[in-house]
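A.B. asks: Test case, fold it:
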Amino acid sequence: METQVMVSDVWKSFDNGRIEVLKGVSLMVPNGEIVALCGTSGCGKSTLLNVISGLEEVDRGDVSVGGYDVVRESTRVDLLRHHIGYVFQFHHLMPDLTLEENCMVPVIAAGGNRAHALERLAELAEATGVAHRLKQRVRELSGGERQRGALVRSLMNDPELLLCDEPTGALDEKNREKVFELLIELVRSRGRTLVMATHDLELARRCDRMIKMRDGRMEGEIH
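C.D. replies: Predicted coordinates for the structure are as follows:
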């Protein structure tokens with residue numbers, strides 16, 4: 001099976017090196033695998049996702065997605081536009097735009113075909129139960145609807161890799177279960193790769209693999 005994500009001996013610090021967040025992290029994720037990164041707040045999960053996506057530059061080490069070097073700036077932009085989807089804990093949708101307008105943003109940024117994108121949006125919105133809310137402004141939506149909308153937005157360009165940072169952490173138990181089930185179903189049905197940061201071990205156990213992080217390092221797989 002081909003490798004989708006390869007992280008090799010990555011170090012990342014902030015505040016001019018005074019705060020070390022990732023300390024020699026290595027990770028390999030094959031195509032089609034669903035991986036949960038587990039650990040307490042501050043262990044480095046979110047930073048690792050940002051490094052994989054190219055949102056954060058590494059101090060040293062190598063990162064590739066689908067065989068493309070994430071460390072190169074030109075590659076990072078292309079990967080984010082065409083190959084990587086990202087779901088944040090707090091949806092990051094623009095409140096004064098409609099849900100449809102929010103979901104079309106990544107398509108416009110990537111120079112995609114509008115007619116084709118609207119067809120895909122209708123399909124994804126139907127699958128996630130927000131089709132009837134597409135014309136509503138985000139500030140008028142419930143928390144669960146916003147997070148499902150964020151999931152739709154992340155999948156609009158049909159990315160090979162989906163990164164999720166505590167995607168259900170801001171939701172109540174009922175909506176947490178619904179959003180997680182949708183996430184797994186959409187990823188598996190399309191044969192995509194998912195790397196998810198979560199502190200919820202119950203959800204993590206439903207992934208293909210669980211990896212524990214602690215103090216900026218990989219502690220190993222959880223069985």
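A.B. asks: Just the buried positions in the worst-scoring helix or strand of the chain on mean pLDDT, please.
C.D. replies: Least confident helix or strand of the chain, by mean pLDDT, DSSP states H and E, is helix 73-82 with a mean of 78. For helix 73-82, the buried set under the neighbour-count rule, 16 or more other Cβ atoms under 10 Å, comprises 75, 76, 79, 80, 81, 82. In this view, the C-beta of every residue, glycine as well, is placed from N, C-alpha and C.
A.B. asks: again, but for stretch 38-45
C.D. replies: 38, 39, 43, 44, 45.
A.B. asks: Let's have the residues you listed in CSV, adding secondary structure, pLDDT and distance to residue 192.
C.D. replies: CSV is the format used below for these (DSSP: H, G, I helix; E, B strand; the rest coil; pLDDT from 0 to 100; distance: Cβ to Cβ, whole Å):
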residue, secondary structure, pLDDT, distance to residue 192
38, strand, 93, 21
39, coil, 90, 24
43, coil, 90, 25
44, coil, 92, 24
45, helix, 92, 20
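A.B. asks: Distance to residue 113 for these - can I get that in TSV?
C.D. replies: What follows is those, written out as TSV (distance: Cβ to Cβ, whole Å):
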residue	distance to residue 113
38	39
39	41
43	41
44	38
45	35
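A.B. asks: Pick the one among these closest to residue 198.
C.D. replies: If you rank those by distance to residue 198 using Cβ to Cβ, residue 38 comes first, at 6.4 Å.
A.B. asks: and that closest one, how far is that from residue 125?
C.D. replies: Distance of residue 38 to residue 125, computed by Cβ to Cβ, to the nearest Å: 31 Å.
A.B. asks: related to what we said a few turns ago, for the buried residues of stretch 38-45, which two are the farthest from each other?
C.D. replies: 38 and 44 (11.5 Å).
A.B. asks: got the residue ranges for the strands in the protein?
C.D. replies: For the chain, the strands defined by DSSP state E occupy 3-14, 19-30, 34-38, 60-65, 68-69, 84-87, 161-165, 193-198, 209-214, 217-222.
A.B. asks: For the spatially most central residue of the chain, give me its contacts.
C.D. replies: In the chain, the residue lying closest to the centroid (Cα atoms, centre = their mean) is residue 163, at 2.0 Å. Going by Cβ atoms under 8 Å, 6 or more residues apart in numbering, residue 163 touches 49, 52, 53, 84, 85, 86, 87, 194, 195, 196.
A.B. asks: hmm, try it at 6 Å
C.D. replies: 49, 53, 86, 195 (Cβ atoms under 6 Å, 6 or more residues apart in numbering).
A.B. asks: JSON lines please, covering the residues you listed and showing pLDDT and neighbour count.
C.D. replies: Output for these, formatted as JSON lines (pLDDT from 0 to 100; neighbours: other Cβ atoms under 10 Å):
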{"residue": "49", "pLDDT": "95", "neighbour count": "22"}
{"residue": "53", "pLDDT": "91", "neighbour count": "22"}
{"residue": "86", "pLDDT": "85", "neighbour count": "22"}
{"residue": "195", "pLDDT": "96", "neighbour count": "27"}
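A.B. asks: nearest to residue 71, of those residues?
C.D. replies: Using Cβ to Cβ, the contacts of residue 163 come closest to residue 71 at residue 53, 12.4 Å.
A.B. asks: top helix in this structure by residue count?
C.D. replies: Criterion DSSP state H: the longest helix present in the chain is helix 173-189.
A.B. asks: chain center to it, what's the gap?
C.D. replies: 13 Å (Cα atoms, centre = their mean, to the nearest Å).
A.B. asks: One more: stretch 42-49?
C.D. replies: Its chain's C-alpha centre and that of stretch 42-49 lie 12 Å apart, by Cα atoms, centre = their mean.
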